[in-house]
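# task: produce atomic coordinates for the following.
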Amino acid sequence: MENIISENKKAHQEALNELYQKIEKIKQGGGLDKQEKERKKGKLTARERINYLIDENSPFTEVGIWAGYEMYPEDGGCPAGGVVAGIGHVSGRQCIIVANDATVKSGAWYPITGKKNLRLQEIAMENHLPIIYLVDSAGIYLPLQADIFADKEHFGRMFYNNAQMSAKGIPQISVIMGSCVAGGAYLPIMSDEAMIVEGTGSIFLAGPYLVKASIGEDVDAETLGGAVTQCEISGVTDNKYPDDKSALDEVKRIFSRFGENKKAGFDRIAPQPPKENPEELLDILPIDRTKPYSMVELLKRIVDNSELDIYKEKYGQTIVCARARIDGWAVGIVANERKIVKSKKGEMQMGGVIYSDSADKAARFIMLCNQQKIPLIFLHDVTGFMVGSRSEHGGIIKDGAKMVSAMANSVVPKFTFIVGNSYGAGNYAMCGKAYNPQLIYSWHTGRIAVMSGASASKTLLQIQTASRKAKGQEITPEEEANLLKEITERYESQLSPMYAGARLWTDGIISPLDTRQIISEGIAMANHKPIKKRYNVGVIQC
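Take a look at the predicted model:
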């Protein structure tokens with residue numbers, strides 16, 4: 001048994017090492033040579049700006065580092081979506097930081113860049129967190145303008161959000177540290193405060209070339225919209241600073257004077273580490289996702305003092321519902337159990353499947369957490385709801401609808417982690433991206449899809465073979481095997497957590513050992529916004 005556990009942990013560590021290597025490559029942005037060019041201009045890189053800005057030894061929870069991964073290969077790629085962003089601490093205040101990466105196509109906005117920026121604004125608005133924009137962008141990437149310009153969730157929505165946040169009293173501070181062109185010029189100026197760096201910062205609706213083409217005027221960038229022009233002549237920006245660091249120092253001073261707002265009031269006591277060794281997470285979670293394991297044992301390596309108060313322990317056992325504390329915060333946990341369990345009727349139930357009784361239990365538990373103002377944590381390892389005549393006769397759709405309704409109408413913050421499988425309606429019921437979790441991260445083992453690769457591939461094969469036969473085309477066993485291989489490889493590539501992260505279906509991919517820190521930062525973030533809405537599950541009562 002020890003050898004099996006050791007090999008399992010070794011496989012996880014190899015997968016995580018590969019993940020970290022890819023992350024280091026992403027962090028280089030447009031490349032080390034382009035970073036050096038930025039420094040020669042007297043500029044810090046996007047990551048250097050954030051590192052200088054945040055409090056020493058404070059956490060920075062990055063959001064969307066995988067955005068754009070392996071997308072836009074014909075354009076040279078778009079590492080991290082061309083923008084570095086996340087949740088940090090400045091002068092002791094938790095905030096959102098968004099920094100354009102000028103090494104990636106001069107900070108131009110790809111479609112995924114817009115989606116990532118809107119996600120960060122969404123987090124700020126949902127949690128009443130101040131937001132800092134470190135602006136250094138050439139504007140919309142014109143070859144892909146049709147995919148970022150005109151729709152509701154495109155580039156223009158950002159300025160709508162600027163106005164909404166300002167009206168709601170959510171502070172927005174912008175520092176113009178490089179180019180700020182065309183429509184992008186509105187983002188810093190619609191912020192509450194805007195400052196500019198001399199020599200490198202510039203802001204205008206049209207740059208010198210477009211001005212020349214449009215009205216025939218010859219003018220250089222500094223005269224058109226540099227620091228002196230925008231601070232001393234137009235008054236567009238508030239103040240100018242000689243370099244990046246002095247401008248960032250001013251941001252720190254501004255944040256140091258912020259007053260406190262009313263909090264949500266989530267309960268927190270002195271944190272305690274888990275009694276059980278968190279390193280054992282990589283022993284307990286099988287690298288082979290078809291093998292069962294105990295979700296309760298997994299949770300004991302995450303929660304404070306390894307203590308779980310399990311709700312309805314012997315009922316609806318394919319979902320574990322438990323109250324606990326994580327880093328001192330009171331939490332309610334809803335997690336899929338992967339062991340094969342025995343139901344109240346003596347029937348054996350498959351792990352990872354949601355049955356009627358487990359859906360009913362989860363719905364009631366979610367209601368209790370809302371009543372008691374306890375944040376909810378969802379851990380996915382789910383293949384979906386139970387199918388078949390027995391389940392249908394037992395009302396699985398009705399019970400599933402109860403769970404989805406209870407979760408969707410939740411007014412306490414929700415945090416989601418894709419531990420293993422996250423398939424079909426199971427993804428929805430367990431608070432997938434469509435259900436507005438405050439944060440959603442995948443473990444390196446996570447997979448999101450309508451169904452498993454094996455099931456989907458066989459289904460797609462049947463459809464394609466039937467289509468060929470309908471056209472009178474014969475298919476040999478060898479051709480069928482090759483077709484299945486091709487379909488399986490294509491579908492499996494879309495199950496990868498990196499595929500999901502690239503499209504911002506998740507906020508990132510993490511090691512299981514980072515789960516506690518993200519939950520703690522997330523609840524601290526959500527605690528900034530008082531709960532004003534009344535919890536009501538609507539028509540489908542539990």
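# what ranges do the helices span in the stretch 401-542 of the chain?
Secondary structure of the stretch 401-542 of the chain (DSSP state H, counting those that start in this stretch): helices located at 424-429, 453-470, 477-493, 497-502, 515-526.
# can I get these in TSV with mean neighbour count?
The way it works is simple: take the backbone N, C-alpha and C, and place the C-beta from them, glycine included. Shown next, in TSV, are those (neighbours: other Cβ atoms under 10 Å):
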stretch	mean neighbour count
helix 424-429	22
helix 453-470	14
helix 477-493	14
helix 497-502	21
helix 515-526	22
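# which one of those has the lowest average pLDDT?
Ranked by mean pLDDT, the helices of the stretch 401-542 of the chain bottom out at helix 453-470, with a mean of 70.
# which residues does Tyr293 contact?
284-286, 338-339 (Cβ atoms under 8 Å, 6 or more residues apart in numbering).
# now for the residues you listed: which two are most distant?
Farthest apart among these by Cβ to Cβ are Leu285 and Lys339. That separation is 12.9 Å.
# of the two, who's got more company?
The neighbour count for Leu285 versus Lys339, taken as other Cβ atoms under 10 Å, is higher for Leu285 (25 against 17).
# tell me, what's the model's pLDDT at that one?
94.
# over to the one 3 residues further on?
With respect to pLDDT, Asp288 scores 86.
# state whether it is indeed within a strand.
No. Read with DSSP: H, G, I helix; E, B strand; the rest coil, Asp288 is coil and lies in no strand.
# any low-confidence regions in the protein?
The chain contains residues with pLDDT under 70 at 1-5, 343-348, 393, 451-458, 461, 538-542.
# Leu187: which of the helices of the stretch 401-542 of the chain is closest?
Of those, the one closest to Leu187 (Cβ to Cβ) turns out to be helix 515-526, at 22.1 Å.
# ok, residues contacting that closest one?
Contacts of helix 515-526 (Cβ under 8 Å, 6+ apart): 59, 61, 87, 94, 123, 126-127, 129, 264, 266, 268, 271, 278, 302, 326-329, 331, 375, 377, 413, 415, 417, 438-439, 441, 443, 510.
# now these: which count as buried?
Neighbour-count burial (16 or more other Cβ atoms under 10 Å) applied to these gives 59, 61, 87, 94, 123, 126-127, 129, 264, 266, 268, 278, 302, 326-327, 329, 331, 375, 377, 413, 415, 417, 438-439, 441, 443, 510.
# let's see which of the contacts of helix 515-526 end up in helices.
Secondary structure assignment by DSSP state H places 123, 126-127 of the contacts of helix 515-526 in helices.
# any chance of these in a markdown table, plus distance to Gly501?
Output for the ones in helices among the contacts of helix 515-526, formatted as a markdown table (distance: Cβ to Cβ, whole Å):
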| residue | distance to Gly501 |
| --- | --- |
| Ile123 | 16 |
| Glu126 | 20 |
| Asn127 | 21 |
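# just these now: which is nearest Val175?
Ile123 (19.8 Å).
# quick one: the strands in the stretch 201-350 of the chain, in order.
202-204, 239-241, 309-310, 319-326, 329-336, 341-342, 348-349 (DSSP state E, counting those that start in this stretch).
# any idea which of the ones you listed gets closest to Ile531?
Nearest of those (Cβ to Cβ): strand 329-336, 14.3 Å.
# check contacts around the closest residue to Met71 other than its chain neighbours.
The shortest distance from Met71 to any non-neighbouring residue, by Cβ to Cβ, 6 or more residues apart in numbering, is to Ala502 (5.7 Å). Counting by Cβ under 8 Å, 6+ apart, Ala502 touches 66-71, 112.
# helices - which of those land there?
Using DSSP H, the contacts of Ala502 in helices are Ile112.
# distance of the residue of the chain most remote from its centre relative to Tyr160?
Distance from the C-alpha centroid of the chain peaks at Gly472, with 47.5 Å (Cα atoms, centre = their mean). As defined by Cβ to Cβ, to the nearest Å, Gly472 lies at a distance of 55 Å from Tyr160.
# my guess is Ser202 meets Thr223, correct?
No. Contact criterion Cβ atoms under 8 Å: Ser202 and Thr223 do not qualify, at 10.0 Å.
# between those two, which one's more packed in?
The residue with more neighbours, out of Ser202 and Thr223, is Ser202; 25 against 13, by other Cβ under 10 Å.
# show me where the stretch 1-150 of the chain has its helices.
2-27, 32-40, 46-53, 111-127.
# surely Thr237 and Met195 touch.
Yes. Counting by Cβ under 8 Å, Thr237 touches Met195, with 6.1 Å between them.
# would you list the helices of the stretch 1-150 of the chain in CSV and tack on distance to Lys529?
Putting these into CSV (distance: least, Cβ to Cβ, whole Å) gives the following:
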stretch, distance to Lys529
helix 2-27, 30
helix 32-40, 36
helix 46-53, 23
helix 111-127, 5
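# and those helices: which comes nearest Tyr209?
Of these, nearest to Tyr209 by Cβ to Cβ is helix 32-40, at 20.6 Å.
# now that closest one - C-alpha only, PDB.
The C-alpha trace of helix 32-40 is given here as PDB (Å, rounded to 0.1, in the frame of the first residue of the first chain):
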ATOM      1  CA  LEU A  32      12.500  38.300 -21.600                       C
ATOM      2  CA  ASP A  33      13.900  40.500 -24.500                       C
ATOM      3  CA  LYS A  34      10.700  42.600 -24.500                       C
ATOM      4  CA  GLN A  35      10.800  42.900 -20.700                       C
ATOM      5  CA  GLU A  36      14.300  44.300 -21.000                       C
ATOM      6  CA  LYS A  37      13.200  46.800 -23.600                       C
ATOM      7  CA  GLU A  38      10.500  48.100 -21.200                       C
ATOM      8  CA  ARG A  39      13.200  48.500 -18.500                       C
ATOM      9  CA  LYS A  40      15.400  50.500 -20.900                       C
END
